[in-house]
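1. Structure here, sequence nowhere to be found:
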Ligand SMILES: Cc1cc2nc3c(=O)[nH]c(=O)nc-3n(C[C@H](O)[C@H](O)[C@H](O)COP(=O)(O)OP(=O)(O)OC[C@H]3O[C@@H](n4cnc5c(N)ncnc54)[C@H](O)[C@@H]3O)c2cc1C
């Protein structure tokens with residue numbers, strides 16, 4: 001067993017950390033305040049190769065592994081969790097299903113520009129009445145000649161409106177039931193019949209964008225069917241297994257940022273004639289933060305390693321996502337406590353980190369859903 005990063009992984013971590021500190025962190029608070037999506041930063045990250053790290057060079061990727069990708073998501077999320085989730089959705093939920101299930105033509109046409117960062121990706125699964133219960137989806141796709149006609153509404157679509165490429169799930173055969181009746185499609189922005197509804201106004205990750213996707217007789221070429229008809233549920237679930245590694249890495253980044261702030265402040269804040277860092281109550285909080293973050297990072301990198309090495313990783317990713325997101329929430333909340341009243345003030349970053357942490361316990365399957373995945377695996 002080896003707990004050290006390879007020189008390539010360490011190099012990419014440093015490169016991303018440096019970019020995040022110089023380019024992403026300085027505008028994070030303002031973008032959160034004004035709810036601005038950082039498209040220019042995504043373009044820059046694309047040019048640096050961050051948007052296709054784990055994909056082969058022949059498809060425009062960086063030829064690295066999912067450990068390098070997880071390290072990149074952590075470093076970016078430490079600077080800005082909104083940018084971190086945009087990256088994670090792009091790489092894990094949009095590019096990966098095309099890489100895994102796409103035809104050679106689909107990979108050349110869609111994966112390559114995604115991995116090169118020329119286009120941004122998104123993933124449309126959730127519907128108004130189908131969240132945890134994915135099988136409750138009612139968006140339909142009906143084959144008509146050499147096209148499919150899609151009708152329905154998707155909600156909470158991260159990168160929605162910005163993304164040029166969407167992987168969208170729709171029922172192609174109601175009689176086969178939710179598991180076998182769903183199919184996946186690649187839908188391009190600008191396709192007639194595909195438009196955007198309301199933009200979500202949120203508690204946290206406010207510089208990330210979530211929009212409603214509306215499909216009204218949207219005609220998609222049959223060659224844009226991803227995988228086979230009826231494979232949509234499997235494609236969605238396996239994409240989410242990988243997506244959870246990204247959310248876990250995002251959570252570790254948020255927690256690390258909160259802890260670093262909570263280490264710095266008590267050394268400077270004097271009460272009762274001495275820095276509050278000398279109080280055991282503060283020390284113990286920091287000790288718990290550091291231990292939980294280490295454990296969360298190890299779980300995350302273990303799941304990323306397993307994915308890279310073609311080992312089973314669904315349970316491992318669910319464990320990492322659940323533990324890391326709970327850690328992010330706990331650490332960010334405790335960091336606010338360490339800052340006292342100033343932690344509640346928007347003058348310091350910990351209140352944003354606390355707001356950002358909450359969503360990691362909810363999306364890509366709530367932590368209750370992760371328990372279903374973990375229990376299902378260990379009982380099998
Ligand atoms: C900011 C944000 C970004 C998102 N991005 C995307 C995206 O890009 N693409 C996409 O497709 N979706 C996206 N989502 C949707 C997200 O994945 C869902 O919100 C999430 O899966 C939960 O679904 P729901 O909100 O419908 O909650 P519900 O399913 O209604 O759940 C509500 C509560 O009930 C619990 N619950 C439900 N069923 C059970 C059960 N069987 N046992 C125990 N507890 C249960 C849940 O754990 C939760 O606590 C996003 C959501 C948000 C808020």
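-> Thanks, I have the structure now. Because the structure is predicted, anything quoted here is derived from the model rather than measured.

2. Enumerate the residues of the stretch 201-350 of the chain near the ligand.
-> For the stretch 201-350 of the chain, the residues in contact with the ligand (C-beta under 6 Å from any ligand atom) are 202, 210. (Each C-beta comes from the backbone N, C-alpha and C, glycine too.)

3. which intervals of the stretch 201-350 of the chain have sub-threshold pLDDT?
-> Of all residues in the stretch 201-350 of the chain, none has pLDDT under 70.

4. which residues of it fall in helices?
-> Along the stretch 201-350 of the chain, counting by DSSP state H, counting those that start in this stretch, helices occupy 232-268, 280-308, 314-339, 341-344, 350-360.

5. Would you mark the buried spots in the first one?
-> Applying a neighbour-count criterion of 16 or more other C-beta atoms under 10 Å, one finds 232-236, 238-259, 261-263, 265-266 buried in helix 232-268.

6. Assumed residue 152 was part of a helix.
-> No: if the criterion is DSSP: H, G, I helix; E, B strand; the rest coil, then residue 152 is strand and not within a helix.

7. gap between it and residue 35?
-> 27 Å (C-beta to C-beta, to the nearest Å).

8. Looking only at neighbour counts, state which of the two leads.
-> residue 152 (22 against 15; other C-beta atoms under 10 Å).

9. still on that earlier bit, can you put the helices of the stretch 201-350 of the chain in CSV and add distance to residue 101?
-> Shown next, in CSV, are the helices of the stretch 201-350 of the chain (distance: least, C-beta to C-beta, whole Å):
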stretch, distance to residue 101
helix 232-268, 6
helix 280-308, 16
helix 314-339, 16
helix 341-344, 45
helix 350-360, 27
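
10. among those, which is nearest residue 111?
-> helix 232-268 (13.4 Å; C-beta to C-beta).

11. Now do that closest one against helix 314-339, angle only.
-> Here the directions of helix 232-268 and helix 314-339 differ by 30 degrees (axes from the mean of the first three to the mean of the last three C-alpha atoms, to 10 degrees).

12. Just want the angle from helix 232-268 to helix 350-360.
-> Taking the same axes, to 10 degrees, helix 232-268 and helix 350-360 form an angle of 160 degrees between their directions.

13. Would you mind giving both backbone torsions of the residue of the stretch 51-200 of the chain found nearest the ligand?
-> Proximity to the ligand, evaluated over the stretch 51-200 of the chain using C-beta to the nearest ligand atom, is greatest for residue 131 at 1.7 Å. Main-chain dihedrals, residue 131, degrees, to the nearest 10: phi -110, psi -100.

14. so what pLDDT did it get?
-> According to the prediction, residue 131 has pLDDT 97.

15. quick revisit: looking at the helices of the stretch 201-350 of the chain, which is closest to residue 191?
-> Among those, helix 232-268 comes nearest to residue 191, with 18.2 Å by C-beta to C-beta.

16. can you pull out the strands in the stretch 101-250 of the chain?
-> Assigned by DSSP state E, counting those that start in this stretch, the strands in the stretch 101-250 of the chain fall at 121-124, 140-144, 147-158, 165-171, 182-188, 194-199, 210-221, 225-226.
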